[in-house]
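Visitor: Please find the sequence and the predicted model below.
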Amino acid sequence: MLYLKKKIEGFEVGMSYYSGFEKDEEDIVIPFSLSLYITSSKIVEQLPVYLECLRRNECPEVLGIDLDVMTSMAYWMKNGKLEHDMEALNDQTLHERGIEFAYKGFKPETTLELYEAIRQNVADMVRMLGDVRRLLMAAPPTLYGNFYRSQKSQCDEQKVVAAYEQWKREVGVVTPELLKDKQMLEVVEFLKRKVLRFAPVPSERERCRVDLDTLRSHLPHGYDLPEELPDCCARFRRFVTMDGDALRINYDSYGKYLHQFYYRLSDDERQVLIRLDLMLDLIRGDMEVLREVVLPDVLATPEAMALWQKAMSEGWIDERFQPRISLTKSAVLAFEIANRLGIQDRWKVFEQFWHRKNMRSNYNNALTQRQSLKFLDDVKAAFSGTLR
């Protein structure tokens, strides 16, 4: 981070403040002018770095300044008071006035020399800010995509991950339909914050594409939809694409919005933009995992899903319904699930689904092991709904 914005705005305040001095007191104006030189020098040193980043389609910082007015020498030099004062005080050297000043090799002898150095800095600054304006106006969409990725990389995702994992624990077995419900709820909660309010008002064509009935079907029963939601949804659709059932944010357009309205959004709102993306990443990741999982019909019934949910909540299986436990305990779990579902060819079903062999033998071995027998008691208790 260059903190260019802070320096440029500080220099602007300084020049404005100086132009309003009522008295020409050398013990005030000369030290103040020296500080103006230092600030303008730092800006001139850092602007080439900023420009080089823009040429690489990177944006290290949102300047958020009026580049149309700040690319004018007249704007910076204000009413000419600085020039007038420095000329008036040029009858003596700085040394004669008891002032010794040097900054990175620059050691002016007179106030007029100091003024000329400040004026040259301003000229260089105006020229480079003009280059910034031209580069931003012609910037490809990828610059804003890169800018967004940079902002996202600075966001602490731990709270998002923790919230998502808590939701997964609460629902038990994560299914594609539950993930679609979660995705829609996260989007609607985001839209209620009206973070995209600065985007242009949607057309009737865009509003008509919003299917409120489908949207409502994925939300909790009785969920109160705000009146302005169709407009919010229409705005949101400009920034996303569908990847199957998963939403994927277009970083180029999303990043341009964040860049354009960076300082009109609060810090929390900027974080909300990124947190939604992080949550959608997590949901999409689980959708992709489940897309690869095909449960056998006998293991995909509502009764089976209830058993899977209990097994997953106990940590015996993962999100893909694969066992996290030993071979003998897996066989015990399979036997109990099959027994409750009335599956006749239990070992064939589970060996194919879990990519295992000799599960009958594993089960027989389990019946001779104290640890596995204890696990059998745990399974029966969990499946019967009693607490252990």
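Guide: Done, it's in.

Visitor: isn't residue 328 right next to residue 370, touching?
Guide: No - using CB atoms under 8 Å, residue 328 makes no contact with residue 370, being 11.4 Å away. For the C-beta atoms, the positions are set from N, CA and C on the backbone; glycine is no exception.

Visitor: And the two? Which one has more around it.
Guide: Neighbours around residue 328 and residue 370, counted as other CB atoms under 10 Å, are more numerous at residue 328. The numbers are 21 against 7.

Visitor: For that one, give me its contacts.
Guide: With CB atoms under 8 Å, 6 or more residues apart in numbering as the criterion, the residues that contact residue 328 are 362, 363, 365, 366, 369, 372.

Visitor: swap the cut-off to 7 Å and go again
Guide: 362, 365, 366, 369, 372 (CB atoms under 7 Å, 6 or more residues apart in numbering).

Visitor: got it, and residue 226?
Guide: Residue 226 makes contacts with residue 192, as judged by CB under 7 Å, 6+ apart.

Visitor: Doesn't it belong to a strand?
Guide: No - with DSSP: H, G, I helix; E, B strand; the rest coil as the criterion, residue 226 is located in coil rather than a strand.

Visitor: From residue 238, how far out is it?
Guide: Distance, residue 226 to residue 238, using CB to CB, to the nearest Å: 19 Å.

Visitor: same check, this time on residue 151
Guide: 19 Å.

Visitor: what about those two, which has more around it?
Guide: A direct count of neighbours by other CB under 10 Å for residue 151 and residue 238 places residue 151 higher, at 19 against 15.

Visitor: Please tell me I have it right and the more buried one contacts residue 273.
Guide: No - here residue 151 lies out of contact with residue 273, judged by CB atoms under 7 Å, at a distance of 8.5 Å.

Visitor: residues shared between the contacts of the two?
Guide: Contact criterion CB under 7 Å, 6+ apart; residues shared by residue 151 and residue 273: residue 258.

Visitor: Which pLDDT does the model give the residue nearest the centre of the chain?
Guide: Here the mean C-alpha position of the chain is nearest to the C-alpha of residue 274 (CA atoms, centre = their mean), at a distance of 2.3 Å. pLDDT, residue 274: 98.

Visitor: Find the nearest non-adjacent residue to it, please.
Guide: Closest residue to residue 274 apart from its sequence neighbours, by CB to CB, 6 or more residues apart in numbering: residue 155 at 4.5 Å.

Visitor: and what of residue 241?
Guide: residue 248 (5.3 Å).

Visitor: The one you found - how many residues pack around it?
Guide: Residues lying near residue 248 (other CB under 10 Å) number 14.

Visitor: Surely it is within a strand?
Guide: Yes - assessed with three-state DSSP, residue 248 lies in a strand.

Visitor: Surely it touches residue 277?
Guide: No - counting by CB under 7 Å, residue 248 stays clear of residue 277, with 9.4 Å between them.

Visitor: distance from the centroid: which residue in this protein tops it?
Guide: Per CA atoms, centre = their mean, the residue of the chain sitting farthest from its centre is residue 91 (57.8 Å).

Visitor: OK, contacts around the residue nearest to residue 241?
Guide: So residue 248 contacts 240, 241, 284 (CB under 7 Å, 6+ apart).
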